[in-house]
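Novice: here is a sequence together with a model predicted from it:
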Amino acid sequence: MEQYFKIGEISQLYGIGVDSLRYYEKLGLIHPVRSESGYRLYSMHDLWCLNVIRDLRGLDFSMEQIHDYLAGHTVASTLTLLEQESNAILQKMQALEKLHNNVEQRMQTIRAAEHQPVDVFEIKQYPTRRCFSIQEEYTNDEEMDILIKRLLNYDKSRFYIIGNNQIGSTIPLAQAQKGSYKTYNSTFILDTNGDCEMEAGDYLCISYRGNCKRNAYYIPALFAYAKEHNLTLTGDILELLWIDIHISADPEEQMIELQVRVQPK
């Protein structure tokens, strides 16, 4: 005698909502019979179909593909299906490997911040750096968050907020020289595919612990160092976020690097 299962039992067994089971029935993927009292009863064949649906949906097979297979599967169609499953699994493995490498890289960036020299002036030589940039002024963190989210939309598969020390903003040099240290004129993310460029050259750099409120101390200190060492500042000040609020809510753990291109006088 064939064994049947009620809809509640199937829903609990497979973790599938009752509405989904009815939807599968509507599509002709499963074919429950009705009891004398009108309840849906599912056969062992329906359970097999649900196993197929669950496995193939997990690999992003369409309902149409699943329907075609269940409607008339043969040895040949089963082998074809298994080949498609194998390819889908390989693609997922490659995507997961790429995601894993990205997470590892971002973890290394955060750990590298622990060894980043702080409160030390350095001259760093950079080649031309490409970036995506949004040329809009802002003065508060909420506005910056919106701009960063817009930047991340350039490539959602590659750009992340957490563990990305390539995100920053620019402070107009003229404004900073007048004592305005939190007036920004653009937000950027460094990327080799970017449509904008940052000039190559020598950059006077300093990293510090804390949030951007400490620019009020470090930018004047940067100006003083440049004057003392006969350096001419050229271009806007870059503010790069090594450790920001998305990584730590503790300002003492946060880290910012200031960079400005310089030339000997």
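Specialist: Done, it's in.
Novice: now do the strands in this structure.
Specialist: 5-6, 33-34, 40-42, 122-126, 129-134, 167-171, 186-190, 196-198, 201-209, 231-233, 237-243, 255-264 (DSSP state E).
Novice: helices of the stretch 1-150 of the chain, residue ranges please.
Specialist: Remark: helices assigned in the stretch 1-150 of the chain by DSSP state H, counting those that start in this stretch are 7-14, 18-26, 44-58, 63-71, 75-113, 141-152.
Novice: reformat these as a markdown table; add distance to residue 235 and mean neighbour count.
Specialist: All C-beta atoms are positioned from the backbone trio N, CA, C, and that covers glycine. Shown next, in a markdown table, are the helices of the stretch 1-150 of the chain (distance: least, C-beta to C-beta, whole Å; neighbours: other C-beta atoms under 10 Å):
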| stretch | distance to residue 235 | mean neighbour count |
| --- | --- | --- |
| helix 7-14 | 61 | 14 |
| helix 18-26 | 58 | 15 |
| helix 44-58 | 51 | 15 |
| helix 63-71 | 55 | 15 |
| helix 75-113 | 25 | 12 |
| helix 141-152 | 20 | 15 |
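Novice: to residue 160, which of those lies closest?
Specialist: Nearest to residue 160 among those is helix 75-113 (6.4 Å), distances taken as C-beta to C-beta.
Novice: state the mean pLDDT of the closest one.
Specialist: Computed over helix 75-113, the mean pLDDT rounds to 89.
Novice: tell me the helices and strands packed up against it.
Specialist: helix 44-58, strand 237-243 (3 or more C-beta pairs under 8 Å, 6 or more residues apart in numbering; DSSP states H and E).
Novice: so which of those comes closest to residue 208?
Specialist: Closest approach to residue 208 among the helices and strands packed on helix 75-113 is made by strand 237-243 (9.9 Å; C-beta to C-beta).
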